[in-house]
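Asks: Show me how the following folds:
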Amino acid sequence: MTGKTFQTLSGIPVEAVYGDGPLPGEFPYTRGVHPDMYRSRLWTMRMFAGFGTAEDTNTRFRELLRSGGTGLSTAFDMPTLMGRDSDHEWALGEVGRAGVAVDTVEDMADLFAGIDLGAVSTSMTINGPAPILLAMYVVVAEESGVERSRLAGTLQNDILKEYQALHSRSGTGLHFGQRVCIRGGGLRRRSFGGLLCTAAEFLLQQPRGLL
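Replies: Residues are numbered from 1 along each chain as shown. As a prediction, the model looks like this:
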């Protein structure tokens, strides 16, 4: 703990933590990954960004970091979210429209060129191709000299969100998610579990590691 004292606006003292363990900063981190949480480390400041090309998005990323951002949040285009290359027939008219197109490791390298991936956390809003995009990200980091244990950020890797969005039939006409479910339930669960196991074995050297 920081040793600082805290109180409410009415001057009532506030304890550093309440209740029994596990405490914040202790496994399984259900109460937060840092002992003091936001009292000692502010939440990540980042804006959702993704332009048509990796180069243009990189320019935006750099601008956001210069303006005080402490993390990056990547918006991918629909073909990338669906796990399709930009030259696939299904991608016609959709490449770069709603976010950045990432087909290769080279695209990922262009996306984060000149950015120290060990100094920022990166959020990637992607589900189906999450394991592939994570692998690309790790390769780019290692080729730039950043060890895996220094990486931080989030993936969606959500086994239910896109399936629910795809099959929702709301009378309001509203739906949540991008409706990019590209795998069936059983295969999606295996993919989800495999990514968690890989992250735990090769990336999660500390609570800050990428999941």
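Asks: Poorly predicted segments of this structure, please.
Replies: Applying pLDDT under 70 to the chain flags residues 1-3, 157-188, 204-211.
Asks: Strands along that one, start to end?
Replies: With DSSP state E as the criterion, the chain has strands at 6-7, 13-14, 48-49, 71-74, 121-124, 153-155.
Asks: Helices along the chain, start to end?
Replies: Here the chain has its helices, by DSSP state H, at 54-66, 78-81, 105-111, 130-143, 161-167, 185-198.
Asks: Turn the strands of the chain into CSV, including mean neighbour count and distance to Asp56.
Replies: Heads up, the C-betas are built off the backbone N, CA and C, glycines and all. Shown next, in CSV, are the strands of the chain (neighbours: other C-beta atoms under 10 Å; distance: least, C-beta to C-beta, whole Å):
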stretch, mean neighbour count, distance to Asp56
strand 6-7, 10, 44
strand 13-14, 10, 46
strand 48-49, 16, 10
strand 71-74, 23, 13
strand 121-124, 20, 17
strand 153-155, 19, 21
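Asks: Output these as TSV; include the columns distance to Gly96.
Replies: TSV is the format used below for those (distance: least, C-beta to C-beta, whole Å):
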stretch	distance to Gly96
strand 6-7	47
strand 13-14	48
strand 48-49	13
strand 71-74	13
strand 121-124	17
strand 153-155	21
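Asks: Minimum distance to Asp107: which of those strands has it?
Replies: Shortest distance between Asp107 and the strands of the chain, using C-beta to C-beta, is found for strand 71-74: 11.6 Å.
Asks: Just list what that closest one packs against, helices and strands only.
Replies: Contacts defined by 3 or more C-beta pairs under 8 Å, 6 or more residues apart in numbering; DSSP states H and E place strand 71-74 against strand 48-49, helix 54-66, strand 121-124.
Asks: circling back to that earlier point, which stretch among the strands of the chain comes nearest Val139?
Replies: For Val139, the closest of those is strand 121-124, at 13.8 Å, according to C-beta to C-beta.
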